[in-house]
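Q: how would this look folded up:
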Amino acid sequence: MKAMFRATFIGVILLLNLVLGGCGSSPTSTPSQHPSEDFSYITSIKIDTQDERADIEALYDAKIISWHPETGFAIIASNSAQAIATTNTATESNSNAFKASVMAAGSSVWAEGFSAWSSGSAAWGGGSAAWGGGSATWGGGVNKAFILANQSLWEDINLFAAHALTTKLGSGIKVAVIDTGVDLSHPMLSGKLAPSTEWWDYVDNDNSPQDVSGGEGYGHGTVVSTLILQVAPQATILPLRVLASNGLGDLDDVVAAIDHAISKGAKVINLSLGSDAYSWPMQQMMDYAKQSGVYVVASAGNTGTLDNVLYPAKMTHWFGDQRTLFSIGSIDPNQAISSFSAKGGEIFSFAPGEKLNAAYPGNKMVNATGTSFAAPLYAGTIALMLAELTDSGDRADINGYLVNGLNRNGLWEKFYQSGGSWLHGQGVLDVARLLFGLKVRNAGFERGNLTGWTSQNAVVENASYNGHYVAYIQGQGYIKQTINGLKPNTSYVFQGTFEMRTAGEYGWMSVSNHGGSGIYYKVTGSERPSISFTTGSASTSATISFSKNMGTGRALVEEVIVLPTELF
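A: Alright, predicted model coming up:
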């Protein structure tokens with residue numbers, strides 16, 4: 001089946017030919033050098049540590065795209081349908097699986113308004129004063145023009161408050177942008193790119209992933225990259241070009257780029273592209289990223305319809321264990337789902353995706369619309385979170401933090417079908433809530449245990465409650481945790497889902513040791529109470545607890561947060 005992948009942005013949809021190969025997590029694994037030939041077919045085969053690359057290429061008249069014997073597979077590409085058919089695996093078309101097409105009526109470009117920002121010094125003047133580390137910058141090097149242009153959108157996702165909560169701003173986290181390349185000379189990317197020895201252009205097969213003019217995809221990767229940097233200004237961008245300026249690209253290029261990004265230490269990969277066809281090699285690559293502890297953010301697509309999320313975003317696992325692939329849709333300035341955004345249960349969450357201002361090639365600035373530009377806001381947010389988390393277990397629980405930190409203000413009912421099944425995702429991005437939520441360790445219990453909590457008669461199980469791990473208190477017992485790093489004389493809200501599974505039994509949510517008397521809330525059914533408390537003049541911590549004090553049945557605990565009242 002031909003995999004039709006598209007960069008998901010309104011105005012232009014980039015359709016790519018992607019060939020994805022599974023890769024191993026072993027440090028001895030060496031990504032293959034991507035061949036320069038154009039191939040018609042791509043497939044995945046099983047291999048082991050005894051196999052030799054040259055033997056496999058000769059056997060199937062193919063070239064290796066991704067080689068990982070330590071995990072038992074390789075991705076190969078060939079122009080010989082007969083030879084590749086002997087692999088006894090599904091063979092997929094490779095060429096032009098991704099293609100650009102115009103979606104927006106009236107305009108042949110997805111990025112509108114750059115002519116208004118292209119007046120040279122009026123837009124980007126000031127040199128180091130505008131792009132350096134002085135008073136004219138915001139967030140560690142983002143031009144102040146973006147503050148004014150995106151101010152209302154950043155307020156909607158509490159980005160300003162988030163930056164006040166962190167001093168790292170994504171420092172030390174590499175984000176791979178697999179796209180049309182970037183404008184390597186744009187001032188906003190100065191000092192923000194990975195070393196040039198790590199770059200690659202899979203379209204022209206050289207190490208200069210320059211965003212090339214001449215097609216409707218021009219500038220897409222530059223916009224995506226600079227949106228990530230507005231959220232995580234100290235993150236590092238690894239530019240990998242897989243889409244030509246006309247929006248065409250091959251599946252094997254995307255497979256190779258993902259493999260390369262992981263090998264170069266990227267912790268986050270942004271895929272603002274998509275396909276309407278499933279690809280097994282792509283699935284293997286998503287699984288390999290998960291094995292490697294790499295988070296993938298994918299735009300849901302601009303299909304504008306229900307249950308029509310594009311791949312790879314559609315591959316996100318709604319139920320089961322730890323999610324590392326996040327499918328992102330778009331909302332408008334009124335926090336309603338954008339008319340063009342794909343919708344469906346595979347979507348994890350939504351973020352602003354309309355008229356986002358970002359850098360454009362030629363030292364210009366544009367406003368861009370599409371799910372392509374909602375996704376990088378999440379990629380930047382994950383970079384912010386990873387920079388703040390030093391404990392490996394906490395880093396592995398990004399899924400739990402993201403779930404707990406979603407802003408559901410009034411949107412819960414919109415995104416939750418009355419019949420009880422998830423329809424449109426779980427909420428909207430709130431960066432400050434996510435960052436502050438890091439204070440509750442293992443808040444969603446996604447580690448599969450009670451690490452960070454003191455407990456009695458409690459366990460964690462992979463239950464089907466919202467598709468996540470949950471804590472259970474069996475009989476009479478408790479779980480509790482001391483939250484540190486609070487501010488004195490400050491109001492906070494403690495919230496968590498607490499559910500009695502046996503009629504007639506009850507439990508208590510409580511806050512103590514916060515500079516005041518203990519606060520208790522009795523739960524007799526299934527509730528998500530919010531307890532407000534204020535720290536004392538010398539208090540920087542509080543102990544939160546869930547206790548079951550009666551009966552032999554079970555009580556469920558899930559999605560625990562502690563937030564300043566102003567962020568709640």
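
Q: just checking, what's the longest strand in the chain?
A: Ranked by number of residues, the top strand in the chain under DSSP state E is strand 468-484.

Q: Alpha carbons of that strand, as PDB, please.
A: Below are the C-alpha coordinates for strand 468-484, written out as PDB (Å, rounded to 0.1, in the frame of the first residue of the first chain):
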ATOM      1  CA  HIS A 468      -3.500   4.800  32.600                       C
ATOM      2  CA  TYR A 469      -1.900   3.200  35.600                       C
ATOM      3  CA  VAL A 470      -3.800   3.900  38.800                       C
ATOM      4  CA  ALA A 471      -3.200   3.400  42.500                       C
ATOM      5  CA  TYR A 472      -5.500   1.200  44.600                       C
ATOM      6  CA  ILE A 473      -5.900   1.200  48.400                       C
ATOM      7  CA  GLN A 474      -7.100  -2.200  49.500                       C
ATOM      8  CA  GLY A 475      -9.200  -2.300  52.700                       C
ATOM      9  CA  GLN A 476      -7.900   0.300  55.100                       C
ATOM     10  CA  GLY A 477      -4.700   2.100  54.200                       C
ATOM     11  CA  TYR A 478      -3.200   5.200  52.700                       C
ATOM     12  CA  ILE A 479      -0.800   6.800  50.200                       C
ATOM     13  CA  LYS A 480       0.900  10.200  51.000                       C
ATOM     14  CA  GLN A 481       3.600  12.400  49.700                       C
ATOM     15  CA  THR A 482       5.400  15.600  51.000                       C
ATOM     16  CA  ILE A 483       5.500  18.300  48.300                       C
ATOM     17  CA  ASN A 484       8.600  20.500  48.600                       C
END
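
Q: just checking, residue 299 touches residue 326?
A: No: Residue 299 lies out of contact with residue 326 (Cβ atoms under 8 Å); the separation is 10.2 Å. All C-beta atoms are positioned from the backbone trio N, CA, C, and that covers glycine.

Q: and these two? which has more neighbours close in?
A: Applying other Cβ atoms under 10 Å to residue 299 and residue 326 shows that residue 299 carries more neighbours, namely 34 against 24.

Q: check contacts around that one.
A: By Cβ atoms under 8 Å, 6 or more residues apart in numbering, the contact list for residue 299 reads 7-9, 271-274, 310, 313, 327-328, 370-372, 374-375.

Q: coming back round to it: which positions within the longest strand of the chain qualify as buried?
A: 468-473, 476-481, 483 (16 or more other Cβ atoms under 10 Å).

Q: cool, and stretch 281-294?
A: 281-292, 294.

Q: Next step: these restricted to helices.
A: Judged by DSSP state H, these include 281, 282, 283, 284, 285, 286, 287, 288, 289, 290, 291 as members of helices.

Q: Just the closest of these to residue 443, please.
A: Checking these against residue 443 with Cβ to Cβ, the nearest one is residue 290 at 20.7 Å.

Q: In this structure that closest one contacts residue 324, no?
A: Yes: contact criterion Cβ under 8 Å: residue 290 and residue 324 qualify, at 4.4 Å.

Q: Can you pull the phi and psi angles for residue 192?
A: phi -110, psi 0 (degrees, to the nearest 10).

Q: So which residues of the stretch 251-400 of the chain form strands?
A: Ranges of strands in the stretch 251-400 of the chain, per DSSP state E, counting those that start in this stretch, are 268-271, 274-275, 295-299, 325-331, 349-352, 356-360, 364-368.

Q: worst average pLDDT in the ones you listed?
A: When the strands of the stretch 251-400 of the chain are ranked by mean pLDDT, strand 274-275 comes last with a mean of 81.

Q: and it, what other elements does it pack with?
A: strand 5-6 (3 or more Cβ pairs under 8 Å, 6 or more residues apart in numbering; DSSP states H and E).

Q: what is the rounded mean pLDDT of the strand it packs on?
A: The pLDDT scores in strand 5-6 average 46.

Q: Then stretch 428-446?
A: Throughout stretch 428-446, pLDDT has a mean value of 86.

Q: what about that stretch, start to end distance?
A: Its first and final residues considered, stretch 428-446 spans 20 Å by Cα to Cα, to the nearest Å.

Q: Just give me how far it sits from the chain centre.
A: A distance of 14 Å separates the centroid of the chain from that of stretch 428-446, by Cα atoms, centre = their mean, to the nearest Å.

Q: partner residues bridging residue 41?
A: Taking DSSP bridges as the rule, residue 41 bridges to residue 78, residue 93.

Q: my guess is it contacts residue 78, does it?
A: Yes: Residue 41 is in contact with residue 78 according to Cβ under 8 Å; the separation is 5.5 Å.

Q: which residues of the stretch 201-350 of the chain score low on pLDDT?
A: Applying pLDDT under 70 to the stretch 201-350 of the chain flags residues 317-322.

Q: Which residue, other than its chain neighbours, is closest to the residue most central in space within the chain?
A: Nearest residue to the geometric centre of the chain (Cα atoms, centre = their mean): residue 297, 3.3 Å. Computed as Cβ to Cβ, 6 or more residues apart in numbering, the closest residue to residue 297 that is not its neighbour in sequence is residue 379, at 4.3 Å.

Q: Check residue 475 too.
A: Spatially, and ignoring its direct neighbours in sequence, residue 475 is nearest to residue 552 (5.0 Å; Cβ to Cβ, 6+ apart).

Q: what about the one you found, how many neighbours?
A: 10.

Q: Please, where are all the helices along the stretch 201-350 of the chain?
A: Using DSSP state H, counting those that start in this stretch, the helices of the stretch 201-350 of the chain run over residues 220-231, 251-263, 280-291.

Q: Quick one: residues contacting residue 172.
A: By Cβ under 8 Å, 6+ apart, residue 172 lies in contact with 234, 236, 387.

Q: Please name the residues that touch the residue nearest to the last one when sequence neighbours are not counted.
A: In other words, residue 387. Using Cβ to Cβ, 6+ apart and skipping the chain neighbours, the partner closest in space to residue 387 is residue 168 (4.1 Å). By Cβ under 8 Å, 6+ apart, the residues touching residue 168 are 234, 384, 387, 388.

Q: Next, residue 168: phi, psi?
A: phi -90, psi -30.

Q: Need the single longest helix in this structure, by residues.
A: In the chain, assigned by DSSP H, the helix with the most residues is helix 371-388.

Q: And the average pLDDT for that one is what?
A: 94.

Q: Model confidence score at residue 417, please.
A: 41.

Q: Residue 522 touches residue 500, doesn't it?
A: No: if you go by Cβ under 8 Å, residue 522 and residue 500 don't touch, sitting 10.5 Å apart.

Q: Could I get the buried residues of stretch 281-294 in a markdown table, plus columns for distance to residue 207?
A: Conversion of the buried residues of stretch 281-294 to a markdown table gives the following (distance: Cβ to Cβ, whole Å):
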| residue | distance to residue 207 |
| --- | --- |
| 281 | 24 |
| 282 | 25 |
| 283 | 29 |
| 284 | 26 |
| 285 | 22 |
| 286 | 26 |
| 287 | 28 |
| 288 | 23 |
| 289 | 23 |
| 290 | 28 |
| 291 | 27 |
| 292 | 23 |
| 294 | 22 |
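
Q: This completes my enquiry, with thanks.
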